[in-house]
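S.K.: compute the structure for the input listed below.
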Amino acid sequence: MLTKEKEELLRLYNDGLAAYKQRKWDEAIRAFEGALKVDPNDGPSRTYLERSNEFRQSPPPEDWDGVYVMKTK
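M.R.: Predicted structure coming up:
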(Lines give C-alpha, C1' and ligand atoms only; values in the text may rest on other atoms or scores of the structure.)
Protein backbone atom coordinates (compact mmCIF):
# COMPACT_ATOMS: atom_id res chain seq x y z
CA MET A 1 0.00 0.00 0.00
CA LEU A 2 1.26 3.46 -0.90
CA THR A 3 1.55 6.11 1.75
CA LYS A 4 0.06 9.58 1.16
CA GLU A 5 3.60 10.95 0.84
CA LYS A 6 4.55 8.39 -1.80
CA GLU A 7 1.34 9.08 -3.74
CA GLU A 8 2.14 12.82 -3.70
CA LEU A 9 5.72 12.15 -4.77
CA LEU A 10 4.56 10.02 -7.69
CA ARG A 11 1.97 12.60 -8.76
CA LEU A 12 4.50 15.43 -8.74
CA TYR A 13 7.14 13.33 -10.49
CA ASN A 14 4.69 12.29 -13.23
CA ASP A 15 3.52 15.89 -13.66
CA GLY A 16 7.15 16.97 -13.96
CA LEU A 17 7.97 14.26 -16.44
CA ALA A 18 5.00 15.19 -18.63
CA ALA A 19 6.04 18.87 -18.60
CA TYR A 20 9.66 17.88 -19.33
CA LYS A 21 8.63 15.91 -22.41
CA GLN A 22 6.56 18.90 -23.58
CA ARG A 23 9.57 21.22 -23.09
CA LYS A 24 7.76 23.19 -20.38
CA TRP A 25 10.89 23.68 -18.29
CA ASP A 26 9.50 26.02 -15.61
CA GLU A 27 6.53 23.75 -15.00
CA ALA A 28 8.79 20.70 -14.85
CA ILE A 29 11.14 22.42 -12.42
CA ARG A 30 8.26 23.34 -10.08
CA ALA A 31 6.97 19.76 -10.10
CA PHE A 32 10.38 18.17 -9.47
CA GLU A 33 11.13 20.69 -6.70
CA GLY A 34 7.78 19.77 -5.14
CA ALA A 35 8.63 16.09 -5.35
CA LEU A 36 11.96 16.76 -3.63
CA LYS A 37 10.15 18.55 -0.80
CA VAL A 38 8.21 15.34 -0.25
CA ASP A 39 11.34 13.16 -0.50
CA PRO A 40 14.69 15.00 -0.66
CA ASN A 41 16.42 11.73 -1.55
CA ASP A 42 14.38 10.97 -4.68
CA GLY A 43 17.06 10.39 -7.31
CA PRO A 44 14.87 10.51 -10.43
CA SER A 45 13.32 13.86 -9.42
CA ARG A 46 16.77 15.28 -8.67
CA THR A 47 18.10 14.09 -12.05
CA TYR A 48 15.20 15.53 -14.02
CA LEU A 49 15.35 18.77 -12.03
CA GLU A 50 19.01 19.19 -13.05
CA ARG A 51 18.23 18.39 -16.68
CA SER A 52 15.25 20.77 -16.74
CA ASN A 53 17.44 23.56 -15.38
CA GLU A 54 20.05 22.82 -18.05
CA PHE A 55 17.46 22.84 -20.84
CA ARG A 56 15.89 26.05 -19.54
CA GLN A 57 19.30 27.72 -19.92
CA SER A 58 20.19 26.00 -23.19
CA PRO A 59 17.13 24.41 -24.88
CA PRO A 60 17.54 21.29 -27.00
CA PRO A 61 17.05 21.52 -30.78
CA GLU A 62 13.54 21.65 -32.22
CA ASP A 63 13.78 18.02 -33.36
CA TRP A 64 14.63 16.83 -29.83
CA ASP A 65 13.13 13.41 -29.14
CA GLY A 66 13.37 13.56 -25.35
CA VAL A 67 16.65 11.68 -25.14
CA TYR A 68 19.25 13.23 -22.82
CA VAL A 69 22.82 13.09 -24.09
CA MET A 70 25.35 13.06 -21.28
CA LYS A 71 28.24 15.48 -21.66
CA THR A 72 30.46 13.88 -19.01
CA LYS A 73 30.82 10.48 -17.48
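S.K.: now the top helix by length along the chain: buried residues?
M.R.: In the chain, with assignment by DSSP state H, the single longest helix is helix 4-21. Neighbour-count burial for helix 4-21 flags Glu8, Leu9, Leu12, Tyr13, Asp15, Gly16, Leu17, Ala19, Tyr20 (criterion: 16 or more other Cβ atoms under 10 Å). C-beta here means a position set from N, CA and C on the backbone, and glycine is covered the same way.
S.K.: now the last one: closest residue in space, sequence neighbours ignored.
M.R.: The spatial neighbour of Tyr20 that comes closest, neighbours along the chain excluded (Cβ to Cβ, 6 or more residues apart in numbering), is Ala28 at 4.2 Å.
S.K.: now do the same contact list for the one you found.
M.R.: Contact analysis of Ala28 by Cβ atoms under 8 Å, 6 or more residues apart in numbering lists Gly16, Leu17, Ala19, Tyr20, Tyr48, Leu49, Ser52.
S.K.: ok, now with 6 Å
M.R.: For Ala28, the contact set (Cβ atoms under 6 Å, 6 or more residues apart in numbering) comprises Gly16, Ala19, Tyr20, Ser52.
S.K.: now, which of those sits nearest Ala35?
M.R.: Closest approach between the contacts of Ala28 and Ala35, by Cβ to Cβ: Gly16, at 6.5 Å.
S.K.: and the nearest residue to that closest one once chain neighbours are set aside, how close does it get to Glu50?
M.R.: Of all residues not flanking Gly16 in the chain, Ala31 sits nearest, at 3.2 Å (Cβ to Cβ, 6+ apart). Here the criterion is Cβ to Cβ, to the nearest Å. By it, Ala31 lies 14 Å from Glu50.
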